[in-house]
Every structure is written in C-alpha cells, then in structure tokens.
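K.L.:
Mind folding the following:
(3 chains)
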Amino acid sequence: MPELPEVETTLRGLTPYLLHQKITQVQIRAPKLRAPTPPAKPLINLTVTKLERRAKYILAHLSNGTTLLIHLGMSGRLTILPAAHATPPGKHDHIILTTPKGTITLNDARRFGLFLHLKEGALTTHPLLTALGPEPLGPQFTASYLHTQLRTRKTPIKVALMDSHLVVGVGNIYASESLFRAHIHPQTPAHKLTLKQCQTLVTCIHQTLTEAIAAGGSSLRDFAHSNGQLGYFQHSFHAYGRTGKPCLTCATPIQKITQAQRSTFFCPHCQKNEEGGCLTAPPSRNTQCAKCARSKNCP
DNA sequence: CTGAGCACCTGAGGGC
DNA sequence: TGCCCTCAGGTGCTCA
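P.N.:
Predicted structure coming up:
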C-alpha cells in the first residue's frame, strides 16, 4: 500500500539494515517485475553508501558508483528480518538482499514494482527520474508554482494532482484527503483554482503527508520490535474509503466517483470550493494509541 | 501539447 | 463450497 509516506517510512526502517552495509548475498527469484530484473552477481560485495527517496522511488547508492532503484508499485513491500530470524522465501518474495545485519525482501503480488541496477551517472539521465516534478515537501512546491502549472490544465484537479510531472508522490489516497482538507471539489477544472486555493492546497498536502509520515514512523518502531517487519500505520481517513459514511465535519454522506479510472472520495457539502484555510484539526480522528495500537481512548 | 484509455499482474471479497 | 465478477493505494504508453 505504498504512497509517499509509506515509502518514506519504509526507507527509514530500511536504513539501519542497509546503510553502510555490504551486500553479501542476492537472490533474484523473478525474471521480471514491471521491467526485467538485473543479474544478482554484480551486486555482491558492494556497500550501500547512501539511501534516499525521490518521488516513490528508493535509491540505494553503491560503493562502485552504481545505484539500486526500487519502486513498490501498488502491492509491493519490503520486509526486514534480522540475521538470526531468516525464514524460507514466500510466494511473492521476488528479490532477497542479505547484509550482515539481516535480510531485506521485496514482496510484490501484483508485480507492478520495479528493481533496477542503474549504471554510474544514470541518475541524472534515466527517463524514469528526469521527467519527475518537484517533491511535495520540498521548497519548489509552492502556491505560485502550482498556480502557474495549473493555468493551462482543464483536467480535474484530483487527476492533475496525481500527475507526477506536476508534483510527485501524491497518490490516490492523499489526493482525495488533501482536497477534502482544502474544501476543494475534486472535479474542479484545475485552471479554475485561485492562487489562494493553491496556497491552501499546498498547505493541506504538506500537512496530510507530514502527519502520515509521522504516524507511519511511530507504528514502525512498535512493529519492528515484535517481528522485525515493516508495518504501515492504519490511517484513518476523512474521505478515502468512507463512501456513504457521515462526513466527520458536517455528517453529509461521503460520495464516491470515478476519475481517470480511479476512485475519488469527497464530501459534497464541505468541498464547494469556498476559500478558507486548511482543515487542521480533524474533528474526531480515530487515531491509534502509539503504545498499544488500539484506539487512542485505550485504557 | 493535452486528455482519455489501456496495459501490466494477482489476490481479496462480495454475490449468487 | 465454488464460480464469477469487480475492485485494488502506480505509472508508462498509445492514440485521437
């Protein structure tokens, strides 16, 4: 279930097991994911010198100047097992990397993920990376940037937000959630957004992603203690997946529509494009207790 | 150039 | 129980 916060959470969980570690063993168990998988041998004995995220890609820089590029697609996940807890590979475990600290497994049932070994210098020329828009949490993604970019686009704002040329990392869930917070209707033609609405939207995207990353990070710690696997925070959303349920602000039933073959969720009462601030304090978020993973009202 | 639609692949869940 | 249908959080390509 990877969107940007999940990828960021995965990267943080991965760091102690991969950064500055030598790759001692590599099993490539699937000939191809979205693209053919590379041979294992050239990776052996290389050390991971730097780990970073660009959009939803995880980049592992290696000691010979090459780079591993990992994308989780729709169903991919990376699991970590400490060295003492190795288990036989499961059905959709496609790539298994071993370092002295443990094993890192790429599991992806739908095989929409990607595992590439890029040559030195390819980072600045690879078509997957060069066409990407700015990071949503970076300094380039401002209200004026967004307003300028949207000026010529007639496509609905929800669809535009998911275009990686415009901004990366905003997937189906967070596009719906950010628009809910910004009180913007998902079917609004992108070029009709005012500068002020763009400002609100940028703020809302920031908040939504930042909160999700923070939540993912805290649940990751709990989960890693128990079985060494990366776990994703069970987000409770304002709109996403809540078809027919009462809006947490006004109790109007949340509606579901299809845009560009993807589900969009919104509140027809709250999202009328009235200019206003970003919804900052969710009325009754059913967030989880960081200690016991139950409701925050836990005993 | 923009926008719509399709393709990739497998599993989960609901209805009958 | 089992079959069939629909849906799923991504992204690149083709075509009009």
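K.L.:
Taking the stretch 1-150 of chain A, what residue is nearest to DNA strand B?
P.N.:
Closest approach between the stretch 1-150 of chain A and DNA strand B, counting by CB to the nearest atom of the strand: A:R110, at 3.4 Å. (C-beta placed from N, C-alpha, C; glycine too.)
K.L.:
Surely that residue touches A:M74?
P.N.:
Yes: with contacts counted by CB atoms under 8 Å, A:R110 reaches A:M74, the gap being 5.4 Å.
K.L.:
Could you pull up the contacting residues of the residue of the stretch 1-150 of chain A closest to DNA strand B?
P.N.:
Taking CB atoms under 8 Å, 6 or more residues apart in numbering, we find A:R110 in contact with A:73-76.
K.L.:
which of the residues you listed are close to DNA strand C?
P.N.:
A:73-74 (CB under 7 Å from any atom of the strand).
K.L.:
In ChimeraX, select just the buried ones from the contacts of A:R110.
P.N.:
ChimeraX command restricting the contacts of A:R110 to the buried ones, with burial defined by 16 or more other CB atoms under 10 Å:
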select /A:73,76
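K.L.:
would you list the contacts of A:R110 in CSV and tack on distance to A:L179 and pLDDT?
P.N.:
Shown next, in CSV, are the contacts of A:R110 (distance: CB to CB, whole Å; pLDDT from 0 to 100):
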residue, distance to A:L179, pLDDT
A:G73, 24, 92
A:M74, 21, 89
A:S75, 25, 88
A:G76, 26, 89
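K.L.:
What about the contacts of A:R110, which are in strands?
P.N.:
A:G76 (DSSP state E).
K.L.:
what two of the contacts of A:R110 are the furthest from one another?
P.N.:
The span of the contacts of A:R110, defined through CB to CB, is set by A:M74 and A:G76 at 7.4 Å.
K.L.:
any shared contact partners between those two?
P.N.:
Here A:M74 and A:G76 have A:2, A:110, A:112 as joint contacts, going by CB under 8 Å, 6+ apart.
K.L.:
For the second one, grab phi and psi.
P.N.:
With angles defined as degrees, to the nearest 10, A:R110 sits at phi -90, psi -10.
K.L.:
nearest to DNA strand C, of the shared contacts of A:M74 and A:G76?
P.N.:
Using CB to the nearest atom of the strand, the shared contacts of A:M74 and A:G76 come closest to DNA strand C at A:F112, 4.2 Å.
K.L.:
So the closest one: helix, strand or coil?
P.N.:
coil (DSSP: H, G, I helix; E, B strand; the rest coil).
K.L.:
Also the one 3 residues further on?
P.N.:
Per three-state DSSP, the secondary structure class of A:F115 is strand.
K.L.:
which residues touch the residue of the stretch 151-299 of chain A found nearest DNA strand C?
P.N.:
Minimum separation of the stretch 151-299 of chain A from DNA strand C (CB to the nearest atom of the strand) falls at A:G171, amounting to 2.2 Å. With contacts defined as CB under 8 Å, 6+ apart, the neighbours of A:G171 are A:3-4, A:56, A:162.
K.L.:
min pLDDT across the shared contacts of A:M74 and A:G76, which one?
P.N.:
Of all the shared contacts of A:M74 and A:G76, A:P2 has the smallest pLDDT value, namely 81.
K.L.:
ok, that one - contacts?
P.N.:
Counting by CB under 8 Å, 6+ apart, A:P2 makes contact with A:10, A:56, A:72-74, A:76-77.
K.L.:
From the residues you listed, pick the one nearest A:I257.
P.N.:
Nearest to A:I257 among the contacts of A:P2, counting by CB to CB, is A:M74 at 20.5 Å.
K.L.:
Distance of that closest one relative to A:P134?
P.N.:
Computed as CB to CB, to the nearest Å, the A:M74 to A:P134 distance reads 23 Å.
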